[in-house]
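[1] next input, structure requested:
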Amino acid sequence: MAENIFRKRILSNPDKPAIIMAGSGKMVTAIELENRANQVAQLLLFLGVKPGDKIALLMENKPEFLVICCAASRAGIFYTPISTHLKKEEIEFIINDSEAKVFFTSKAMAGMAADLLANTPNILARYMCNGVMDGYDSFEDALDKQSTQPIANEVRGFGMLYSSGTTGRPKGIKVKWEEKPYGELAPEAVMMMALFNLDENAVYLSPAPLYHLAPLIFVMLTFAGGGTVVIMEKFDALNALK
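    Sure, this is the predicted structure:
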């Protein structure tokens, strides 16, 4: 296993919760997140997705969403989360404009997923978690065939989120891609982690949809610091006050 600060933290406390779903109580430990993210990275490599390429995902708040983001972040890939509230034409535009090669979704999005088959011709592979349907392979079955070991060439990947499109079409916000080792954080990330104490003792509550930029950044920085994220499936003001 490649040595970097992320893995040193995981190996020092592998059973520590990395993700806790606030509603169901489902927990993903640090080593489970690590292994599953490695399997997704291995799958992307198997599919021929290379550093600098893009993937897209459309799903509700769930652990698989973050597994995919963590995988892309170690495989040098741009990942584009898409709002679950967009119309079919808007989602098609983002998938095609982002030049995504692989598309991930969930059974909860099955109705929209079916509608997206016809007009997203550049997608090489489509995966659905928690179920399957025509045109989509099982996410879980695909991962179970992959090794949990890190891929050979781990480089930093990034989120490429889209604007709301209030001045026309949504626009992808893409950072300049440079081949930097996975585990090497940008100076601004280090600054934010220090400012908000995102270290091994941090527990970050995320009540917002993960397809939004700010929640996703803070979740990923919490992972980088070795902390725990608590993800609300959906914000409920009444239950949040209990």
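
[2] wait, what's in contact with the most centrally placed residue in the chain?
    Nearest residue to the geometric centre of the chain (C-alpha atoms, centre = their mean): C69, 2.1 Å. C69 makes contact with L57, Y79, P81, G159, L216, M220, according to C-beta atoms under 8 Å, 6 or more residues apart in numbering. All C-beta spots, glycine's among them, are computed from the backbone N, C-alpha and C.

[3] do you know the pLDDT at the closest residue to the third one other than its chain neighbours?
    With C-beta to C-beta, 6 or more residues apart in numbering as the measure, Y211 is the residue that lies nearest to P81, at 3.9 Å, once sequence neighbours are left out. Among the per-residue scores, Y211 shows a pLDDT of 96.

[4] pretty sure Y211 is touching H85, no?
    No: contact between Y211 and H85 fails when scored by C-beta atoms under 8 Å: they sit 9.1 Å apart.

[5] give me the more crowded residue out of these two.
    Y211 (23 against 9; other C-beta atoms under 10 Å).

[6] what's the mean pLDDT across whichever helix or strand L66 is part of?
    Per DSSP states H and E: L66 is located in helix 63-74. For helix 63-74, mean pLDDT is 97.

[7] mind saving the C-alpha coords of it as CSV?
    Extracted as CSV, the C-alpha positions of helix 63-74 are listed here (Å, rounded to 0.1, in the frame of the first residue of the first chain):
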residue,chain,number,x,y,z
PRO,A,63,-22.2,6.7,1.2
GLU,A,64,-21.7,5.5,-2.4
PHE,A,65,-21.7,9.2,-3.5
LEU,A,66,-18.6,9.9,-1.4
VAL,A,67,-16.9,6.6,-2.3
ILE,A,68,-17.0,7.6,-5.9
CYS,A,69,-15.6,11.1,-5.1
CYS,A,70,-12.9,9.6,-3.0
ALA,A,71,-12.0,7.2,-5.8
ALA,A,72,-11.8,10.0,-8.4
SER,A,73,-9.7,12.1,-6.0
ARG,A,74,-7.0,9.4,-6.0
